[in-house]
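Colleague: Below is the sequence, then the predicted model.
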Amino acid sequence: MKLKQISVFLENRKGRLAEALETLAQAKINIRTLSIADTSEFGILRLIVPDPDKAKKVLEKANFTVKENSVIAVMVDDRPGGLAASLRVLSDANINVEYLYAFVEKSGEKAVVILRTEDVDAGIKALKTAGIGLLKAEQVYKL
Amino acid sequence: MSRTDPLIEGAFWQRQNEVIERTFLEAEQLHHLKETLDSVYSNVPFYKSRFEKAGLIPGDIRSLGDLRRLPFTTSDDLRAAYPFGMLAVSKEDVVRLHTSSGTTGKPKAIFFSRQDIENSSDLIARCLVMTGTGRGDILQNMMTYGMFTGALVMHYGAEKVGALVIPAGPGNSDRQISFMQDFGVTAFHITPSYALYISSLMQERGIDPGKDLSLKRAYLGAEPYTEETRRKIEYIFGIDVYNCYGLTEMNGPGVAFECMHKNGMHLWEDHFLMEIINPDTGEVLEDGEKGELVLTSLRREAMPLIRYRTRDITRIMPDNCECGRTHRRISRILGRSDDMFIARGVNIFPQQIEQVLMGIKGVAQNYQIVLESFDDITVRAEISKDLFDGNIEHLLDLQTEIADKIRAEIIVKPKVELLEPGALPVSEGKAKRVIDNRTM
C-alpha cells in the first residue's frame, strides 16, 4: 500500500523549479500530482509519478538533490468532514502526520489525498483497520 | 589525524642556516638589510624619493630597531611602479617575471634574478625536507602555472630536493585523480578549497583516498583556511597537511612554512625581516599580538621591497619550536585586512564563518558570504547530499543551527540560505568567499 514519492531539494533560485519540471518533461515523465513546501530560502518539491525510480535517476543526473520516500494514497469521501475522519483515525492512534496534499483526479466518487505519516507502516495499518480505503501504486498511476 | 614521521625529525636542507643562533642571525639580518637599503636607494628612484621625504639616508639605519623609521611600501606603490619602476638591477639581469593580480587596476610586476630563483627554490627545499618530502617522492603540483608564483616556485624547489614533480596545474579533476592513482603520487600542493572539492569528487567516484591512494602529505596555501579545514582534509585523505605561506611580492610560496609539529609556520628570517603592525595606525606591535604582517626582503636582488604591507593578519609566536629551527613562527593567516568586513560594527573574517560551517554535520565544503547592507550578512551554504531526507523540518533545524553557531562566533546573526550541493562555483584557484554588494 506504500506509494513512492520523489522529494527534490530546491534552492531559492529563479527558474530552478522550472528546470526540475523540464528535466522530467524531457524524460517523458508525466506528473500525477505534486506539492511544494517552501520557506523563504529553499523549498522541497514532492512528486507522484508513474516511474519514480526513473524520475529519481534523471533528476540526479541533472544535478538535483533527490530523495525517494514512501507515502500513503488515501481515498476520502468527497463531502464536508471526509478528510477529517481519516485524520481523526490517525490522531486517535497517536500517529503524526508530516504533511499531505491532494490529488487532482478523483477515484470514482472519492477524493484522493497523499499523506505522509512519521511512521508510514503504522499509518497504513491504522487507516486500514478503520476501514478507510487506500490506493495501490498502480491504481494511483491510472487515475 | 597525525602520523608525524619520526624520520623527519632532524631533516634539514640548509641546517646551518635553519638552526643558526639568534645573535648570529640578527647580525646577518643587519648586514643584508644595509645592503638592501643601499641597493634600493641607488637604483630605485621611488625609494630614493621616499627616503628623502622621510629625511633618511641608508646610513641612518644602524640597527634592526631603526627599521621602523623607514616608510612602508604598499601594493598601490607597486601598481604605480608598473611595469619596471621597482627594478633594482638592469633588465638584462632579470630572468623571470611574475605578476600578482589585484581585483582592480594594473597588476603588480615582480621580477626575479637568477639568484632570486635559486634562493626561492632553496627556501621551498627547506620546507619540503622538514616535512619529509625528498628523493623518491612524487609531488603533484595542482596550483596554477603561469603568472602566479604558486606553482612554479614550488616546482623548482621540489625538483631541487629530488622529488618527481607532476606539473598538473589545477582543473581537469578526473585526470588529477587518475594521476594520483596511476603514478602513486605521495604529496600534492593545492589550495584548500580545491582539496575539498577533489575529496568530494573522489567520494563520488567511489575512491577512498585514505586506502586507494599512496598520498602521504599535502601542502596547502594561497588562501587562508582554518584548523578545522586542515583536520578535515587530513582525515578524508588520511595524510598530513602542512600549512604554507608566501606572496608573489616575496618570491611566492616558501616565505613561511610549518615543520612536522604543525604549530605555526617558520618564517625564514635570514631572507625576510618581519614586523607585525596595527593596520590602522602603522604602529609596530609586540611579539604575540595580532596584526598585519610587514616584510622586508633581505636577499632579493631584482626587486627588493622595504617594509612591504602584506595585508595578511597573523601574529608572531615567539617561543622556541621543538624542531630546533631558530626562525620564529607566525600563526596561520587569520585573514587579509582586505578580506575583513564589517557588519553591524563588528570586524569579521570569512575564516570565522568557515570554521563554524566545517564543524556542522550536513554542510558541504563550499560556502559564500553575501553582504547586501551594513546590517545583514547572508551565509549561503551547500547542504550535503546525504543530509537530504525529504523532511523540511530537518532542513529548518540545520538552518537554525548554522545561524545560531555563527552568531555565537561573530555576534551577528546571519540569514542562512541552504543551497543544493554543487550550486556554488567550484574554485580551482583562490576561492571567492565574500560577495560584497553594498554601496557606500
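Modeller: Cool, the structure landed.
Colleague: switch to C-alpha atoms for all contacts and neighbour counts from now on
Modeller: Noted.
Colleague: Buried by neighbour count: which residues of stretch A:32-42 qualify?
Modeller: A:Arg32, A:Thr33, A:Leu34, A:Ser35, A:Glu41, A:Phe42 (16 or more other Cα atoms under 10 Å in any protein chain shown).
Colleague: Would stretch A:99-109 count as contacting chain B?
Modeller: No: applying Cα under 8 Å from any Cα of the partner chain, one finds stretch A:99-109 out of contact with chain B, separated by at least 9.7 Å.
Colleague: Can you give me the end-to-end span of that stretch?
Modeller: Start and end residues of stretch A:99-109 are separated by 23 Å (Cα to Cα, to the nearest Å).
Colleague: what pLDDT, on average, does it get?
Modeller: Averaging pLDDT along stretch A:99-109 yields 86.
Colleague: and that stretch, which residues are buried?
Modeller: Buried residues in stretch A:99-109 (16+ other Cα under 10 Å): A:Tyr101, A:Ala102, A:Phe103, A:Lys106, A:Ser107.
Colleague: ok, the first one touching A:Ser35?
Modeller: Meaning A:Tyr101. Yes: the criterion here is Cα atoms under 8 Å, and A:Tyr101 meets it with A:Ser35 at 6.5 Å.
Colleague: my hunch is that B:Glu269 is in a helix, does that hold up?
Modeller: No: looking at B:Glu269 with DSSP: H, G, I helix; E, B strand; the rest coil, it is coil, so not inside a helix.
Colleague: Tell me the predicted confidence for the closest residue to it other than its chain neighbours.
Modeller: Excluding the flanking residues, the one nearest B:Glu269 by Cα to Cα, 6 or more residues apart in numbering or on different chains is B:His327, at 5.8 Å. The per-residue pLDDT reported for B:His327 equals 97.
Colleague: re earlier: which of the buried residues of stretch A:99-109 lies closest to B:Gln355?
Modeller: A:Tyr101 (40.0 Å; Cα to Cα).
Colleague: any idea how far that closest one lies from A:Ile36?
Modeller: Taking Cα to Cα, one finds A:Tyr101 at 9 Å from A:Ile36.
Colleague: what does B:Asp436 give?
Modeller: 32 Å.
Colleague: And B:Leu293, by the same measure?
Modeller: 52 Å.
Colleague: Spit out the contact partners of the spatially most central residue of chain A.
Modeller: For chain A, A:Ile114 is the residue whose C-alpha lies nearest the centre (Cα atoms, centre = their mean; 4.6 Å). If you count contacts by Cα atoms under 8 Å, 6 or more residues apart in numbering or on different chains, A:Ile114 has them with A:Val71, A:Ile72, A:Ala73, A:Val74, A:Leu100, A:Tyr101, A:Ala102, A:Phe103.
Colleague: With secondary structure added, can I get those in TSV?
Modeller: TSV is the format used below for the contacts of A:Ile114 (three-state DSSP):
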residue	secondary structure
A:Val71	strand
A:Ile72	strand
A:Ala73	strand
A:Val74	strand
A:Leu100	strand
A:Tyr101	strand
A:Ala102	strand
A:Phe103	coil
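Colleague: which residues sit in contact with B:Val129?
Modeller: With the criterion set at Cα under 8 Å, 6+ apart, B:Val129 makes contact with B:Ile8, B:Ala11, B:Phe12, B:Trp13, B:Val161.
Colleague: What residues does residue 37 make contact with?
Modeller: Defaulting to chain A. Applying Cα under 8 Å, 6+ apart, the residues near A:Ala37 are A:Gly43, A:Ile44, A:Leu45, A:Arg46, B:Ile392.
Colleague: please go with chain B instead
Modeller: B:Pro58, B:Ile306.
Colleague: Kindly report the same for the one 4 residues further on.
Modeller: B:Tyr41 makes contacts with B:Tyr47, B:Lys48, B:Phe51, B:Ile57, B:Pro58, as judged by Cα under 8 Å, 6+ apart.
Colleague: Enumerate the residues of chain A near chain B.
Modeller: A:7-12, A:37, A:41-44, A:63-69.
Colleague: Drop anything exposed from those residues.
Modeller: Here, 16+ other Cα under 10 Å leaves A:7-12, A:41-44, A:64-69 buried among these.
Colleague: Between those, which has the least confident prediction?
Modeller: Per-residue pLDDT puts A:Glu41 lowest of these, at 82.
Colleague: Verify the stated contact: that one with A:Leu10.
Modeller: No: A:Glu41 lies out of contact with A:Leu10 (Cα under 8 Å); the separation is 9.2 Å.
Colleague: pretty sure B:Gly162 contacts B:Gly136?
Modeller: Yes: with contact defined as Cα under 8 Å, B:Gly162 counts as touching B:Gly136 (7.3 Å).
Colleague: Spatially nearest residue to the residue sitting nearest the centre point of chain B, not counting backbone neighbours?
Modeller: Taking Cα atoms, centre = their mean, the centroid of chain B lies closest to B:Tyr245, which sits 3.6 Å from it. Distance criterion Cα to Cα, 6+ apart; nearest residue to B:Tyr245, sequence neighbours excluded, is B:Ala256 at 5.1 Å.
Colleague: any idea which helix or strand carries B:Gly146?
Modeller: Taking DSSP states H and E as the definition, B:Gly146 sits outside all helices and strands.
Colleague: ok, how many other residues are close to B:Ile342?
Modeller: Neighbourhood size, B:Ile342 [other Cα atoms under 10 Å in any protein chain shown]: 14.
Colleague: just checking, B:Gly254 is part of a strand?
Modeller: Yes: counting by three-state DSSP, B:Gly254 falls inside a strand.
Colleague: Count the neighbours of it for me.
Modeller: 30.
Colleague: List the contacts of it.
Modeller: So, once contact is read as Cα under 8 Å, 6+ apart, B:Gly254 ends up touching B:Ser120, B:Leu123, B:Ile124, B:Cys127, B:Met154, B:Cys244, B:Tyr245, B:Gly246.
Colleague: how close does it get to chain A?
Modeller: 39 Å (Cα to the nearest Cα, to the nearest Å).
Colleague: same question, B:Arg231
Modeller: 27 Å.
Colleague: what kind of secondary structure is that residue in?
Modeller: Per three-state DSSP, B:Arg231 ends up helix.
Colleague: Next, the distance between the ends of stretch B:294-310.
Modeller: 6 Å.
Colleague: what's the next secondary structure element after the host helix or strand of B:Ile124?
Modeller: Taking DSSP H and E as the criterion, B:Ile124 maps to helix B:114-130. On the C-terminal side of helix B:114-130, the closest following helix or strand by DSSP H and E is strand B:138-141.
Colleague: Can you name every helix or strand that that next one contacts?
Modeller: If you count contacts as 3 or more Cα pairs under 8 Å, 6 or more residues apart in numbering or on different chains; DSSP states H and E, strand B:138-141 packs onto helix B:149-160, strand B:164-166, strand B:187-190.
Colleague: so what strands line up beside the host helix or strand of B:Asn366?
Modeller: Per DSSP H and E: B:Asn366 is located in strand B:363-371. Looking at strand B:363-371 with DSSP bridges, its partner strands are strand B:377-383 (antiparallel), strand B:434-436 (parallel).
Colleague: Could I have the CA atoms of it written out in PDB?
Modeller: C-alpha atoms of strand B:363-371 as PDB (Å, rounded to 0.1, in the frame of the first residue of the first chain):
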ATOM      1  CA  VAL B 363      27.000  21.100   5.400                       C
ATOM      2  CA  ALA B 364      29.200  20.500   2.300                       C
ATOM      3  CA  GLN B 365      32.500  22.200   1.800                       C
ATOM      4  CA  ASN B 366      31.600  25.200  -0.200                       C
ATOM      5  CA  TYR B 367      30.100  28.400   1.100                       C
ATOM      6  CA  GLN B 368      29.700  32.100   0.300                       C
ATOM      7  CA  ILE B 369      29.100  35.200   2.300                       C
ATOM      8  CA  VAL B 370      26.900  37.900   0.700                       C
ATOM      9  CA  LEU B 371      26.700  41.400   2.000                       C
END
